[in-house]
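Undergrad: Quick one, fold the following:
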Amino acid sequence: MPDLTKQDLLKRVFGDPKNYPYGFSRSGDFTISESKALGAYGVLFAALADGKYTPQDDEDERYLNVIHGASEPQTVEERAWFKYQKRINRPKTGSIHGSKKAITEVDPDDDVVDTDDALDLDIEN
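TA: Numbers count the residues shown, from 1 in each chain. This is a model prediction of the structure:
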């Protein structure tokens, strides 16, 4: 695999079709400036996070510290990446209709016992 340069990574537009199939700007999760910054810097941040790109300057080191949580995000692109990570890693909420399939297995303790013969009724007409 050829060595990745910062310019090559910044030329690519970042997208996440799994979590944001209509794009970051249409999701409602990000402001316009955040969605633009995420599209522009997302590939760089992803490469830094995955270890595919090693930091070359102080700015890259700062980005890596923000990615690993060692420092607080300060720029728009750092805040956008931090917000993106929080959104995609949040726990999934349950549905009001339930998230599990109906149980079709019959528990032997739940059997209905017919106790008609236990009733001794004297019916005289």
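
Undergrad: If you average the pLDDT over stretch 43-62, what comes out?
TA: Mean pLDDT, stretch 43-62: 92.

Undergrad: Go through that stretch and flag the buried ones.
TA: Buried positions in stretch 43-62, judged by neighbour count with 16 or more other CB atoms under 10 Å: Val43, Leu44, Phe45, Ala46, Ala47, Leu48, Tyr53, Arg62. For every residue, glycine as well, the C-beta is placed using N, CA and C.

Undergrad: What does the fourth one show for phi and psi?
TA: It refers to Ala46. Main-chain torsions, Ala46, degrees, to the nearest 10: phi -60, psi -40.

Undergrad: now the buried residues of stretch 43-62 in CSV, with secondary structure and distance to Ile123?
TA: CSV is the format used below for those (DSSP: H, G, I helix; E, B strand; the rest coil; distance: CB to CB, whole Å):
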residue, secondary structure, distance to Ile123
Val43, helix, 85
Leu44, helix, 87
Phe45, helix, 83
Ala46, helix, 81
Ala47, helix, 86
Leu48, helix, 86
Tyr53, coil, 89
Arg62, helix, 91
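
Undergrad: closest to Gln85 among these?
TA: Ranked by distance to Gln85 (CB to CB), those are led by Phe45 at 9.0 Å.

Undergrad: contacting residues around the residue positioned nearest the centre of the chain?
TA: The residue lying closest to the centre of the chain (CA atoms, centre = their mean) is Ile88, at 2.6 Å. Going by CB atoms under 8 Å, 6 or more residues apart in numbering, Ile88 touches Asp16, Asn19.

Undergrad: try 6 Å this time
TA: Contact analysis of Ile88 by CB atoms under 6 Å, 6 or more residues apart in numbering lists Asn19.

Undergrad: What distance do you get for it to Leu64?
TA: As defined by CB to CB, to the nearest Å, Ile88 lies at a distance of 19 Å from Leu64.

Undergrad: pLDDT score for His97?
TA: pLDDT, His97: 69.

Undergrad: With the one 4 residues further on instead?
TA: The per-residue pLDDT reported for Lys101 equals 59.

Undergrad: rewinding a little: from Gly51, how far out is the residue nearest to the centre of the chain?
TA: From Ile88 to Gly51 the distance is 19 Å (CB to CB).
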